[in-house]
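Student: Task: produce atomic coordinates for the following.
(chains A and B)
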Amino acid sequence: MGTSISQWDGATAYFIFANSPLALVLFALVMLVICVGLITLIKRHEDKAFAKYTSIAVKNSRHK
Amino acid sequence: MNQENLSLEQLSEMVQSQQAVIEMHQTMNMEVFYWWCTALMIMIHAGFLAYEMGASRGKNALAAGIKNILALAMIIPAFYLVGWWIYLSFPSGIVPSSVAEALPWSTSMGPKLDEMGTGVFWAAFALFGATTGSILSGAVIERIRVSAFLILTILVGSVIWILVAAWGWHGEGWLLTKYGYHDVGAAGVVHAVAGFFTLGVLINLGPRTGKFINGIAQTIAPHSLPMTLIGLMMIIFGFFGFLGGCIIFNTGDTGWTTIYNTPTNLSAFAFNTLMGFAGGIIGCYIATRDPFWTMSGGLVGIISVAAGLDLYDPALAFIVAVVAGVLSVQSAKFLERCGIDDAVGAVAVHGFAGIFSVIMVGVFATGTPNAEGMPPISFTGQLISGLVMVLLGFIPGYGISLLLKTLNMLRVPEAVEELGIDEVELLAKPYPEANVPATRQSDVPNKLANV
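Tutor: The predicted model follows:
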């Protein structure tokens, strides 16, 4: 579907979508979104995990 | 074919065809060289992984590990997006020149038959960047949030160090063209920059709980000292790939050159890398008698001579590394007296030794010519360039970590730090059976019992 060549003779940049600048920009942007998204995901996980543990720790200290 | 009957045209064709074969094989050999350098550099990260996990207490061992693994996974795509472009676009300062070929959507940044070097060079540089991230990683263990660490590691590994490399490594870099800066083994552009970036972060991050009691530094013992020692040795192994990646494999009849296009060879690097390694170990052992610092001395020694690997007399490299070993321990002690908790001594090992290395080239190699048209190596040039590395590492590290601290995004809560990050965030234990006594009857039959 995305091949950039129809024959090997004279081929240079032969990778998939090499002849479609828009697709290459799009893939780079998706890569950026995945990286930023991962950090956001980790931060949300940390916030939840820390809040959960902190509330348990507070409860335990009250029971003592 | 009867060669006596060959015409001049036929002979010329044969020579040209042989020439094409030789040139293709030279280019392939160049690719093969950097491919294996990159593979060896992965060992640096395996080493950092073992060394940081070992240096943590058991309750944070996996958090230290996952942080390190994710740093590698994030710096690689981030470096693809901006790193290579920064290197090629910013040699003259902070105003970029347009190098469209290095943008992530350029056809040069992918499989291309007529550009055999780009991918392997990019890979080697991406792993130099990952090394800067790992330098930060060890110092901040046991209290930094993974999300904050990743933001910082991407910044140092994909933006900061490579900007300095554009200034001090690129053939048109202003530190080279103006001051004749010489740093063939990346002591300044990788180690010093990452070391001082780390120092900036550590100031805002603060020490681990319990590190300082009434202002007196306490020892927080690693949960597995043997693991840290093996990890450090793995880093040393990987350094041979790192330093190999710093030398230029030229096709044609030029042979090896430094990144500054001055003549050298792998033998020069071999002599002085091993001498530095040995000297650093001895220096750190003399200063501490401590196993962790003795093994770290290997790194200190290599870094301390890295800037001038092409120029040192091997015996002088050894002496420089011994002195660096002793002084780096003193610099670590000084930092601790200032209330800085650097869990693995990264600022001393990489920051101090990196700058020491840059300055020592100025002390011993002043007057050595650079490539044509560039000023010769000078003490002043090395000193000014070293100062640039310190500032460009420290200021962003301090600034961004201060911002994260202000947003309450930098450090894990105290209660979490007390229990351990593994159990709260990762829901995992590194050694789940470690505290379970063997009192339960085994499901596995004892084969010797019925003999």
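Student: residue ranges with poor pLDDT in the chain?
Tutor: Defaulting to chain A. In the predicted model, chain A carries pLDDT under 70 at residues A:63-64.
Student: Oops, wrong one, chain B.
Tutor: Using pLDDT under 70, the flagged stretches of chain B are B:1-4, B:434-447, B:449-451.
Student: ok, which residues in it are in contact with chain A?
Tutor: B:70, B:74, B:77-78, B:80-81, B:104-108, B:110-114, B:145-147, B:150-151, B:154, B:409, B:412-413, B:415-416, B:419, B:424-425 (Cβ under 8 Å from any Cβ of the partner chain). Yep, even glycine has a C-beta here, placed from its N, CA and C like the rest.
Student: Report the closest residue of the stretch 151-300 of chain B relative to chain A.
Tutor: Across the stretch 151-300 of chain B, no residue is closer to chain A than residue B:151, which sits at 6.3 Å (Cβ to the nearest Cβ).
Student: about what we covered before: now, the residues of chain B next to chain A that are in helices?
Tutor: B:70, B:74, B:77-78, B:146-147, B:150-151, B:154, B:415-416, B:419 (DSSP state H).
Student: With distance to residue B:263 and neighbour count as added columns, please give those residues in a markdown table.
Tutor: As requested, these are exported to a markdown table (distance: Cβ to Cβ, whole Å; neighbours: other Cβ atoms under 10 Å in any protein chain shown):
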| residue | distance to residue B:263 | neighbour count |
| --- | --- | --- |
| B:70 | 41 | 20 |
| B:74 | 38 | 22 |
| B:77 | 36 | 19 |
| B:78 | 35 | 23 |
| B:146 | 45 | 21 |
| B:147 | 47 | 22 |
| B:150 | 41 | 24 |
| B:151 | 42 | 19 |
| B:154 | 37 | 25 |
| B:415 | 60 | 16 |
| B:416 | 55 | 21 |
| B:419 | 58 | 14 |
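Student: Determine which two of these are furthest apart.
Tutor: Farthest apart among these by Cβ to Cβ are B:77 and B:415. That separation is 34.1 Å.
Student: For residue B:9, the count of nearby residues, please.
Tutor: If you count neighbours by other Cβ atoms under 10 Å in any protein chain shown, residue B:9 ends up with 8.
Student: If you could redo that for residue B:107, that was the one I meant.
Tutor: 19.
Student: In contact with it, which residues?
Tutor: A:12-13, A:18, A:24 (Cβ atoms under 8 Å, 6 or more residues apart in numbering or on different chains).
Student: which of those come close to chain B?
Tutor: Near chain B, by the rule Cβ under 8 Å from any Cβ, you find A:12-13, A:18, A:24 out of the contacts of residue B:107.
Student: thought the residue of the stretch 151-300 of chain B closest to chain A was touching residue B:403?
Tutor: No: the criterion here is Cβ atoms under 8 Å, and residue B:151 misses it with residue B:403 at 9.5 Å.
Student: between these two, what contacts are shared?
Tutor: Common neighbours of residue B:151 and residue B:403 (criterion: Cβ under 8 Å, 6+ apart): none identified.
Student: What segments of chain A are strands?
Tutor: Along chain A, no segments are classed as strands by DSSP state E.
Student: interface residues of it facing chain B?
Tutor: Counting by Cβ under 8 Å from any Cβ, chain A sits next to chain B at A:11-15, A:18, A:21, A:24-25, A:27-28, A:31-32, A:34-35, A:38-39, A:42-43, A:45-46, A:49-50, A:53-54, A:57.
Student: are any of those buried, and which?
Tutor: Buried subset of the residues of chain A next to chain B (neighbour count, 16 or more other Cβ atoms under 10 Å in any protein chain shown): A:13-15, A:18, A:24, A:27-28, A:35, A:38-39, A:42-43, A:46, A:49-50, A:53, A:57.
Student: Among those, which ones are in helices?
Tutor: Short answer: these in helices (DSSP H) are A:24, A:27-28, A:35, A:38-39, A:42-43, A:46, A:49-50, A:53, A:57.
Student: nearest spatial neighbour of the residue most central in space within chain A, skipping sequence neighbours?
Tutor: By Cα atoms, centre = their mean, chain A has its centre lying nearest to residue A:34, at 1.7 Å. Distance criterion Cβ to Cβ, 6 or more residues apart in numbering or on different chains; nearest residue to residue A:34, sequence neighbours excluded, is residue B:77 at 7.8 Å.
Student: With that, I have no additional questions.
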